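**Q** Structure of the sequence below:
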Amino acid sequence: MKFSNIQPISYLKTNTSDVIKQVLETQDPIAITVNGRVQAVVQDHVSYQKTQDQLAMLRILALGRKQIEEGKVVDHDDVMALLEAEDNEALLVK
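**A** The predicted model follows:
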């Protein structure tokens, strides 16, 4: 991943509030280096949550694709018939 803003950890230590303010305002992450190598990323919470939500969706899509490839699918009409049967059964129990 390419970062447009890379700062040493000493900058983070001395300017923590400025770093936080910057990521909140710009929503651009800041890469933090230790001994010249990126070791951490400071990111605003909204962007972080968006990334997590996107990853969750990708995992769901990957699982769905795998299930389709394995033939673990149920036809729409069969699902609707099953749901209707469950509804009818629930009505009879009442």
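**Q** neighbouring contacts of the longest helix belonging to the chain?
**A** Identified as the longest helix of the chain according to DSSP state H is helix 45-69. Here helix 45-69 makes contact (Cβ atoms under 8 Å, 6 or more residues apart in numbering) with Gln27, Pro29, Gln43, Val73. Every C-beta, even on glycine, is put in place using the N, C-alpha and C of the backbone.
**Q** what are the phi and psi values for Pro8?
**A** Dihedral pair for Pro8: phi -70, psi 160, per degrees, to the nearest 10.
**Q** What strand or helix carries Asp18?
**A** Using DSSP states H and E, Asp18 sits in helix 16-26.
**Q** Which strands and helices lie in contact with that helix?
**A** strand 30-34, strand 37-42 (3 or more Cβ pairs under 8 Å, 6 or more residues apart in numbering; DSSP states H and E).
**Q** ok so, going back, of all the contacts of helix 45-69, which comes closest to Tyr11?
**A** Of all the contacts of helix 45-69, Tyr11 sits closest to Pro29, with 14.4 Å by Cβ to Cβ.
**Q** buried ones in the helix or strand of the chain with the lowest mean pLDDT?
**A** Ranked by mean pLDDT, DSSP states H and E, the helix or strand of the chain with the weakest confidence is helix 76-93, at a mean of 87. Residues of helix 76-93 classed as buried: none (neighbour count, 16 or more other Cβ atoms under 10 Å).
**Q** what do you get for stretch 25-35?
**A** Applying 16+ other Cβ under 10 Å to stretch 25-35 flags Pro29, Ile30, Ala31, Ile32, Thr33 as buried.
**Q** which residues pair with the second one across the strands?
**A** So that's Ile30. Val42 (DSSP bridges).
**Q** thinking it is in contact with Val19, fair?
**A** Yes: applying Cβ atoms under 8 Å, one finds Ile30 in contact with Val19, separated by 5.9 Å.
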